[in-house]
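Q: need the 3D shape of this:
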Amino acid sequence: MTHAFLTFLLVLSVLAASATMARRLELTPAIVFLIVGIVLAFMPGFPPIEMKPEGVLLLVLPPLIYSAGVSMSWREFKFNLRPIALLAVGCVIFTTCAVAVAVHYMLGLPWGVGFVLGAIVSPPDVIAPLAIARRLGLPHRILVVLEGEGLANDATALILYRFAVMAVSTGAFSLSSAAGSFVAIVICELLFGIAVGWLSLRLRQWAGDPRVEITLSLLTPYLAFWVPEHAGGSGVLATVVAGLYVSWNGPLLISAATRLQGIFFWDFATWLIEGVLFLIVGFETRALVEASKSLPVHDIISAIAITTVIVIVARFIWVFPGAYLPRLLSKRIRAREEPPPWRGIAIVGFTGIRGVVSLAVALALPLTLDNGDPFPHRDLILLVSFGVIFLTVVGIGSTLPFVARVLGVTEYGHFEAKHEREKEIAARRELVAASRKELNRIVKERQLPEGLARFLETRHEMRVRALPDPPAKDGEFTPATRGAIMVREIISIERKLLHKLLREGKITDETRRRIERDLDLEEAVVDNREKNSPL
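A: Numbering: from 1, shown residues only. Predicted coordinates for the structure are as follows:
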């Protein structure tokens, strides 16, 4: 127990150091985590750290999927349902089949093994490409499509994986039976996810305590994931649906205190889990190298190269027809939507980074078949899966910023962010104007005392003065921006004075904490208003 805890502390130390290095070098954290993990795996004296597949699939994956579902907008998910479904279902099935065909005819692997490998490497990761895309400031719709795809594609891949493993293990496969099971799993998980989301919100509303509510929110993804997974489904789709249900229905049912604390908790939890996962993928290198000694190096390199090329090319082959064919075939779509620019489609095609779920699923392969024979080509599947992850994370992850700049997609993203900022300012002004009318009505109808009416009016005037100005030209600061700088400076002065009073014994620590919380909230308000500003 002590050894495991010390190992966990070691991983946290490496994670903090790697994150700091990534920030200093202005690199994508996932790339740094993976490379650092590989380097440490071969350092003499470094303890071997391996990932248990059930630990990722049953313990780590549910909160990641759920938090992504909660942060996803249901309205935007529904509006982009067609491209998301085409990628999360269509592209995953297409890539699985393409890999199976390629490795069967080019490497001589059995069909069943080819489909197992294809199902493992077909779903792009939801973590790394989104992290890179957000840093680049890509257009919002691209981010929504990528996030929606990342939420749902694991469900498709896991269902295909189970069918393929079953076919290899038993030697029997029925396409009609598999298709019927696939539809049944999807429908059941949709309904179960909605039920779990509804139950979670009702229990949290009854609890009325932020700590209990956050605990219930942590239990929600495990309930949504474990029950369908135990029943033979994937669990992923139910967890996504539960998160989307909470995202859509939660704002009016979750208290402000719970929301403030929950945002911090889930932001830290997801960052920690994602970082540790990419580190552990790197740590797995040593065990994979040991497993590779029984295989010819040429076969390993050929299999990795062919599979990597196929998963990248298959995605490009799929995304362009998937974007334009529906418009050619449907007048309704042509009338309702503008055709997407080819540059944006190219970026979507270039974000096929594979991640930890692929490696975890590969590690979960059974050691033997139903008849007791070893699972065919298991070590090769593990090595190819790791090779595809490494090449896509490092190769695509490091070149995606350059490709986005060359295509000019980032410029449109910055323009879109500036336009979104203008709409936000207009919305804030509309809210303030509407609240002013309601304030006048309340004061008049309820005949409030003069002191209370003056207090409410003063609060309203403060909100009016705090409204941000429209975005300024490049290189200029708006009055609101200069005001935010001054507010931070004044808050910093107040913090120093506060700690001086504490050292002099004029206030207690409890008093200092209460005042400090007010200052923190005020500074958080300023940061929130500037967080998404393109200025």
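Q: where does this protein have low pLDDT?
A: In the predicted model of the chain, residues 1, 53-55, 172-175, 413, 459-460, 462-484, 528-535 satisfy pLDDT under 70.
Q: now Val212. Nearest residue, chain neighbours left out?
A: With C-beta to C-beta, 6 or more residues apart in numbering as the criterion, Val212 has its nearest non-adjacent residue at 7.8 Å, and that residue is Arg204. Placement of C-beta: from N, CA and C, glycine included.
Q: pretty sure the one you found sits against Leu216.
A: Yes. Applying C-beta atoms under 8 Å as the test, Arg204 and Leu216 come out as touching, 5.1 Å apart.
Q: so for the two, which sits in the more crowded spot?
A: Arg204 (25 against 19; other C-beta atoms under 10 Å).
Q: and Phe192, what does it touch?
A: Shown in contact with Phe192 (C-beta atoms under 8 Å, 6 or more residues apart in numbering): Ala224, Val227, Pro228, Ala238, Val241.
Q: tell me the two of these that are most distant?
A: Val227 and Val241 (12.9 Å; C-beta to C-beta).
Q: returning to that earlier point: out of the contacts of Phe192, which are buried?
A: Ala224, Pro228, Ala238, Val241 (16 or more other C-beta atoms under 10 Å).
Q: now render these as CSV, adding secondary structure.
A: Converted to CSV, these look like this (DSSP: H, G, I helix; E, B strand; the rest coil):
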residue, secondary structure
Ala224, helix
Pro228, helix
Ala238, helix
Val241, helix
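Q: nearest to Ile515 among the residues you listed?
A: Ranked by distance to Ile515 (C-beta to C-beta), the buried ones among the contacts of Phe192 are led by Ala224 at 41.1 Å.
Q: shouldn't the closest one be in contact with Ala242?
A: Yes. In this structure Ala224 lies within contact range of Ala242 using C-beta under 8 Å: 4.2 Å.
Q: now for those two: what residues contact both?
A: Each of Tyr66, Gly193, Val196, Gly197 lies in contact with both Ala224 and Ala242 under the rule C-beta under 8 Å, 6+ apart.
Q: could you redo those residues as TSV and give each row neighbour count and secondary structure?
A: Listed next are those as TSV, based on neighbours: other C-beta atoms under 10 Å; DSSP: H, G, I helix; E, B strand; the rest coil:
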residue	neighbour count	secondary structure
Tyr66	30	helix
Gly193	26	helix
Val196	27	helix
Gly197	27	helix
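Q: format the residues you listed as a markdown table; extra columns: distance to Val356.
A: Output for the shared contacts of Ala224 and Ala242, formatted as a markdown table (distance: C-beta to C-beta, whole Å):
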| residue | distance to Val356 |
| --- | --- |
| Tyr66 | 16 |
| Gly193 | 23 |
| Val196 | 24 |
| Gly197 | 25 |
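Q: any idea which of those residues is closest to Pro129?
A: Closest to Pro129, out of all of these and judged by C-beta to C-beta, is Tyr66, at 19.3 Å.
Q: residues contacting that closest one?
A: Listed by C-beta under 8 Å, 6+ apart, the contact partners of Tyr66 are Thr220, Pro221, Ala224, Thr239, Val240, Ala242, Gly243.
Q: remind me what the helix or strand hosting Leu6 packs against, helices and strands.
A: In this assignment (DSSP states H and E), Leu6 forms part of helix 2-25. On a contact count with 3 or more C-beta pairs under 8 Å, 6 or more residues apart in numbering; DSSP states H and E, helix 2-25 meets helix 29-41, helix 256-283.
Q: give me the buried positions along the shortest one.
A: With burial defined by 16+ other C-beta under 10 Å, the residues of helix 29-41 counted as buried are Pro29, Ala30, Ile31, Val32, Phe33, Leu34, Ile35, Val36, Gly37, Ile38, Leu40, Ala41.
Q: swap in the longest one?
A: For helix 256-283, the buried set under the neighbour-count rule, 16+ other C-beta under 10 Å, comprises 258, 262, 265-266, 270, 273-283.
Q: just to revisit the earlier point, can you put the buried residues of helix 29-41 in TSV and add distance to Leu117?
A: As requested, these are exported to TSV (distance: C-beta to C-beta, whole Å):
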residue	distance to Leu117
Pro29	28
Ala30	23
Ile31	24
Val32	28
Phe33	25
Leu34	21
Ile35	25
Val36	27
Gly37	23
Ile38	22
Leu40	28
Ala41	23
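Q: farthest-separated two in those?
A: For the buried residues of helix 29-41, the farthest-apart pair by C-beta to C-beta is Pro29 and Ala41; their separation is 18.2 Å.
Q: thinking again about what came up before, list just the nearest of the shared contacts of Ala224 and Ala242 to His140.
A: The shortest gap between His140 and any of the shared contacts of Ala224 and Ala242 belongs to Tyr66, at 22.3 Å (C-beta to C-beta).
Q: neighbour-wise, which of the contacts of Tyr66 leads?
A: Thr239 (36 neighbours).
Q: residue contacts, that one?
A: Thr239 makes contact with Pro62, Ile65, Tyr66, Gly69, Gly193, Pro221, Ala224, Phe225, according to C-beta under 8 Å, 6+ apart.
Q: work out for me the element it sits within.
A: Per DSSP H and E: helix 236-249 holds Thr239.
Q: how far does that helix sit from its chain's centre?
A: Relative to its parent chain, helix 236-249 has a centroid offset of 14 Å by C-alpha atoms, centre = their mean, to the nearest Å.
Q: repeat that for stretch 34-53.
A: Relative to the mean C-alpha coordinate of its chain, stretch 34-53 is positioned 24 Å out (C-alpha atoms, centre = their mean).
Q: got it, and stretch 233-245?
A: Using C-alpha atoms, centre = their mean, the offset of stretch 233-245 from its chain centre is 14 Å.
Q: with just CA atoms, put it into CSV.
A: Taking Å, rounded to 0.1, in the frame of the first residue of the first chain, the C-alpha atoms of stretch 233-245 are listed here in CSV:
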residue,chain,number,x,y,z
GLY,A,233,-22.9,-2.7,-23.8
SER,A,234,-20.2,-0.1,-23.9
GLY,A,235,-21.3,2.3,-21.2
VAL,A,236,-19.8,5.2,-23.1
LEU,A,237,-23.0,6.3,-24.8
ALA,A,238,-25.1,6.2,-21.6
THR,A,239,-22.4,8.3,-19.8
VAL,A,240,-22.4,10.9,-22.7
VAL,A,241,-26.2,11.2,-22.6
ALA,A,242,-26.2,11.6,-18.8
GLY,A,243,-23.7,14.4,-19.1
LEU,A,244,-25.7,16.1,-21.9
TYR,A,245,-28.9,15.8,-19.9
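Q: sorry, back to before: list just the nearest of the shared contacts of Ala224 and Ala242 to Val406.
A: Val406 lies nearest to Tyr66 out of those, by C-beta to C-beta, at 36.1 Å.
Q: quick one: that closest one from Met72, how far?
A: Going from Tyr66 to Met72 by C-beta to C-beta, to the nearest Å gives 11 Å.
Q: now distance to Gly118 too, for the buried ones among the contacts of Phe192, in CSV please.
A: Below are these laid out as CSV (distance: C-beta to C-beta, whole Å):
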residue, distance to Gly118
Ala224, 27
Pro228, 23
Ala238, 24
Val241, 26
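Q: nearest to Pro296, of those residues?
A: Distance to Pro296 across these (C-beta to C-beta) is lowest for Pro228, with 40.7 Å.
Q: check contacts around the closest one.
A: Pro228 touches Ile185, Cys188, Glu189, Phe192, Ser234, Gly235, Leu237, Ala238, counting by C-beta under 8 Å, 6+ apart.
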